[in-house]
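*Asks:* all I have is the shape, not the residue letters:
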DNA sequence: AATCCGGGGCG
DNA sequence: CGCCCAGGATT
């Protein structure tokens, strides 16, 4: 072999996307972030020393795309009800979805229970420590695996969430915001920035720094202890050219699906779903708003039905979304009746 | 790489 | 009312 492979030997573009960071600069950033974190970190309950690895895992799942302020009360109630993986694995799925409340993305709750079943059945009820093992669990991807390995077990890992990606990209690459999802190149780049000592504080610190100082919307650059060496700040904080278009909500299937889920949860809470909510009663109630049929349900369930009715009177569409809920495992259909799953 | 998947709250 | 929030799975 007298020659190297050709195609990949043009480093001109990638080196500017994720540039090498000079050693003194990196040390300054690491020391600053870690010191800042140890002084300014929020007192989150799952950061307390006696928190179990499972409790930390639960907090990470709940925090996916959901603000900490909304997670905290749900997490407390959840851990009080199901302290270990075996507890959650044994719980009725309808109760799990009800306890998930309105945290959003309810399939996260299903996958969390799936993960609990694997841990309880195959892993002696113990949360695995390595990112490789964690990533095999349902609902756990690269971020959550690294976070649990780092925060619950103190292992060195590369925690790369939206906060970390934004902070690193601003500091070292001069861009306002990261891409939609991290690629292999970015992950490797970020891994090289993790220090060998106090890597847990680094991981948690960069995340916290992105959440409190280097925020997406109104970063507090005047208060930033790194403003003098921040590439993005030096460039005058240029806005990224292409901002990802935000997903619609009003009028979408997602909104209507959520309202239908509310009916199931209300029916479950009121005991209306002992034999499931009849599909006929449900769809007729929704489309015709028939008082007779509504009266056969509890007041809270009827109110949830009325809310669906406000969003849509399209019977076919409602029918299709209910079918989707069954397919996704978020609802269960038995003899023409619809209910929350009872696995 | 782009989409979809909930829901709420803030500027 | 647009945008963002400790992402993951699928295509």
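*Replies:* Received the coordinates, thanks. These figures come from a predicted structure and were not determined experimentally.

*Asks:* walking through the stretch 1-150 of chain A, point out its helices one by one.
*Replies:* For the stretch 1-150 of chain A, the helices defined by DSSP state H, counting those that start in this stretch cover A:14-17, A:23-40, A:53-63, A:68-81, A:85-90, A:93-100, A:107-122, A:131-135, A:142-151.

*Asks:* and the stretch 201-343 of chain A, by the same measure?
*Replies:* Listed in chain order, the helices of the stretch 201-343 of chain A (DSSP H, counting those that start in this stretch) span A:231-234, A:253-270, A:279-288, A:291-295, A:299-311, A:315-328.

*Asks:* what's the least confident stretch among those?
*Replies:* For the helices of the stretch 201-343 of chain A, mean pLDDT drops lowest on helix A:291-295, to a mean of 80.

*Asks:* so which elements touch that helix?
*Replies:* Under the contact definition 3 or more CB pairs under 8 Å, 6 or more residues apart in numbering; DSSP states H and E, helix A:291-295 sits against helix A:279-288, helix A:299-311. Any C-beta I mention is one placed from the backbone N, CA and C, and that applies to glycine too.

*Asks:* in TSV: these, plus mean neighbour count and distance to residue A:174.
*Replies:* Converted to TSV, those look like this (neighbours: other CB atoms under 10 Å; distance: least, CB to CB, whole Å):
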stretch	mean neighbour count	distance to residue A:174
helix A:279-288	19	52
helix A:299-311	18	44
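
*Asks:* residue A:47 is nearest to which of these?
*Replies:* Nearest of the helices and strands packed on helix A:291-295 to residue A:47, taken as CB to CB: helix A:299-311 at 36.3 Å.

*Asks:* okay, and the beta partners of residue A:337?
*Replies:* Judged by DSSP bridges, the bridge partners of residue A:337 are residue A:278, residue A:334.

*Asks:* how about the contacts made by it?
*Replies:* A:275-279 (CB atoms under 8 Å, 6 or more residues apart in numbering).

*Asks:* contacting residues for the residue lying closest to residue A:128 once chain neighbours are set aside?
*Replies:* Leaving aside its chain neighbours, residue A:128 sits nearest to residue A:134 (5.5 Å; criterion: CB to CB, 6 or more residues apart in numbering). By CB under 8 Å, 6+ apart, the residues touching residue A:134 are A:127-128, A:140, A:144-145, A:148-149.

*Asks:* buried only: go through those for me.
*Replies:* For these, a burial check counting by 16 or more other CB atoms under 10 Å picks out A:127-128, A:140, A:144-145, A:148-149.

*Asks:* still on that earlier bit, can I get the helices of the stretch 201-343 of chain A in a markdown table including distance to residue A:334?
*Replies:* Shown next, in a markdown table, are these (distance: least, CB to CB, whole Å):
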| stretch | distance to residue A:334 |
| --- | --- |
| helix A:231-234 | 56 |
| helix A:253-270 | 13 |
| helix A:279-288 | 10 |
| helix A:291-295 | 20 |
| helix A:299-311 | 18 |
| helix A:315-328 | 10 |
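
*Asks:* DNA strand B: which of these is closest?
*Replies:* helix A:253-270 (1.5 Å; CB to the nearest atom of the strand).

*Asks:* and the closest one, what's buried?
*Replies:* Going by 16+ other CB under 10 Å, helix A:253-270 has these buried residues: A:256-270.

*Asks:* identify the residue of chain A closest to DNA strand C, quick one.
*Replies:* At 2.8 Å from DNA strand C, residue A:141 is the closest residue in chain A, using CB to the nearest atom of the strand.

*Asks:* which bits of chain A sit near DNA strand C?
*Replies:* A:44, A:46-47, A:59-60, A:63-68, A:105, A:111, A:138-145, A:147, A:161-163, A:166, A:177, A:181, A:207-208, A:210-211, A:215-217, A:243-246, A:249 (CB under 7 Å from any atom of the strand).

*Asks:* got a quick ChimeraX command for the buried subset of the residues you listed?
*Replies:* The ChimeraX selection below is limited to those of these classed as buried (16+ other CB under 10 Å):
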select /A:44,46,59,60,63,64,66,111,139,140,142,143,144,145,147,161,162,163,166,177,207,208,210,211
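
*Asks:* need phi/psi at the closest residue to DNA strand B within the stretch 51-200 of chain A.
*Replies:* Going by CB to the nearest atom of the strand, DNA strand B is nearest to residue A:104 of the stretch 51-200 of chain A, at 1.9 Å. Geometry field for residue A:104 lists phi and psi as phi 90, psi 160, criterion degrees, to the nearest 10.
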